[in-house]
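Chemist: coordinates for the following, if possible.
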Amino acid sequence: MSPRSTKLPAADRKQAILTAAAPLFARLGQAGATTKEIAKAAGISEALLYKHFPGKEALYAELESHCVEANAVGRPLFDGAPPSTATLVMGVAVLVQAVFPGIGARQSHEDTKRLVTSSLLGDGRFAKAFLDRHVKPWVDFFEKSLQAAKAAGDVEEGIHAGKAEIWFVHHLANTLHLISLPEDEVVDYDMSREKLIGSAVRFLLRGLGLKNAAIDRHYNPKDLKNILARIGQE
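Modeler: Down below sits the predicted model:
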């Protein structure tokens, strides 16, 4: 008997099924993946799968909460820092890191991106639920920090960035990650991954209107590594 087919508590078995299902749904889509394939990947029978999920649709619906929780990285940041220029700068850096190149298990992160992208090519419900849960809290928090940066005089005159531009932070990081998914390089940025991350962070902060002096004052890649290590996500 394989380790996956040994008896597990119901909650653990459910999580094991979701873990096995994620890459199949990511590769084949909701319509293409079958319960037979999912059961085989989980090392169980279809009958046992149906004891935990009434059908493929219910299993797919639970994947959103099972996927990598990008906002778990930001939660300590939200809880421990007031809205400010410093919070905005390092918050944007953390979000870029969380989305591209990602945190935690690489395969899980890549499966999540493929699931969201597949949803966008369909009805978009999975993607909307994921973004509302995992990204929107960042956007709301950064909006307050951007207002604080403006009040501190750290934003260029005439710049009127708002919620849409803050969403662009996620969108650019997400696109960079999608571009990096294939094994063969799609775009040669002529720089290391580390430098690309730093370039993206500075590009986004300038797009939000922050002055170079404010970015230089608060952005430090070493501080980013320390933040990720401190919250246990590096």
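Chemist: where does pLDDT dip in this protein?
Modeler: Counting by pLDDT under 70, the chain shows low-confidence ranges at 1-6, 67-78, 103-104, 230-234.
Chemist: scan it for its longest helix.
Modeler: The single longest helix within the chain, with elements called by DSSP state H, is helix 10-32.
Chemist: any idea how far Ile215 is from the closest residue to Val201 other than its chain neighbours?
Modeler: In space, and not counting its chain neighbours, Val201 is closest to Ala93: 4.8 Å by CB to CB, 6 or more residues apart in numbering. To be clear about C-beta, it is placed using only N, CA and C from the backbone, and glycine gets the same treatment. The gap separating Ala93 from Ile215 is 10 Å, by CB to CB, to the nearest Å.
Chemist: circling back: who touches the residue nearest to Val201 in this structure?
Modeler: The contact partners of Ala93, by CB atoms under 8 Å, 6 or more residues apart in numbering, come to Val201, Tyr219, Pro221, Leu224.
Chemist: go on, Gly29?
Modeler: So Gly29 contacts Ser118, Gly122 (CB under 8 Å, 6+ apart).
Chemist: and the gap between it and Lys225?
Modeler: When Gly29 is compared with Lys225 (using CB to CB), they lie 36 Å apart.
Chemist: before we move on, what about Ala93?
Modeler: Ala93 is 10 Å from Lys225, by CB to CB.
Chemist: just Val135 next, same as before
Modeler: Plainly put, Val135 is 23 Å away from Lys225 if you go by CB to CB.
Chemist: of those two, which one has the most company?
Modeler: When Val135 and Lys225 are compared for neighbours, Val135 comes out ahead with 21 against 12, by other CB atoms under 10 Å.
Chemist: and the gap between Leu120 and Ala164?
Modeler: 18 Å.
Chemist: more neighbours, these two?
Modeler: Between Leu120 and Ala164, counting by other CB under 10 Å, Leu120 is the more crowded of the two (12 against 9).
Chemist: who's in contact with the more buried one?
Modeler: Contacts for Leu120 (CB under 8 Å, 6+ apart) come out as Ala127.
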